[in-house]
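> Sequence isn't available, so here's the structure alone:
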């Protein structure tokens, strides 16, 4: 079993829909990152969370440390949101290793 | 600021050749790391460093060497390239402090190096 599991693996939605991508992990962590990778290949950091909730524009990320679960939400989705979204966890104290989920490929149809 | 600069963008090697992938950052980040990305496998950590003179192995370190002589640079060396090392390689950096791990900054990625070993 992978240490970081993302769901769904693929998601296709209509423009304007509310999108939720989930990330579950099985190890102790000090932080969780949400990343975005566009078809061109570049990787951009969206959020870094260690607790609670963060919001940036139409993107919202939440984390529940007790349940070892995080969600990334996109409100009013747009075709430009089409990308691969990747969850990554940073190990607990003394283990500064990043472990990645395999990503969620999101396609927003106009 | 240039951010994280990775070179080269593309490289083709023959089996057995050696090369160095360069990674430099100008943000004074302590944490630097190398990843490879393969289809269906996601990103996997090769090596990482939490400061000059300190390196450690990640998930897939075999066949790769690193050193961290300065805060700015973190080169990745392939000593004897193999076809299994054909991949896209990314370097990333972030702020890191051993005394306040909750203050980790977002990761900053380079643009990637597409390596083909024939």
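Yes, it's here. These numbers come from a predicted model, not from an experiment. Residues are numbered from 1 along each chain as shown, chains lettered A, B, ... in the order given.

> tell me, how many neighbours does residue B:79 end up with?
Residues near residue B:79, counting by other C-beta atoms under 10 Å in any protein chain shown, number 12. (C-beta placed from N, C-alpha, C; glycine too.)

> For it, which non-adjacent residue is spatially closest?
residue B:18 (5.4 Å; C-beta to C-beta, 6 or more residues apart in numbering or on different chains).

> and what of residue A:4?
Nearest residue to residue A:4 in three dimensions, chain neighbours excluded: residue A:101, at 4.3 Å (C-beta to C-beta, 6+ apart).

> low pLDDT regions in the chain?
Using chain A here. A:1-2 (pLDDT under 70).

> actually it's chain B I care about, not the one you picked
B:1, B:98-104.

> How about the residues of it by chain A?
Taking C-beta under 8 Å from any C-beta of the partner chain as the contact definition, chain B meets chain A at B:31, B:33, B:35, B:40-45, B:48, B:50, B:56, B:58-59, B:88, B:90, B:92, B:96, B:101-102, B:104-109, B:111-112.

> what's the residue nearest to residue A:4 in contact with, if anything?
Residues in contact with residue A:101 (C-beta atoms under 8 Å, 6 or more residues apart in numbering or on different chains) are A:2, A:4, A:5, A:6, A:23, A:86, A:87, A:88, B:42.

> Filter the residues you listed down to the ones in strands?
A:4, A:5, A:6, A:23, A:86, A:87, A:88, B:42 (DSSP state E).
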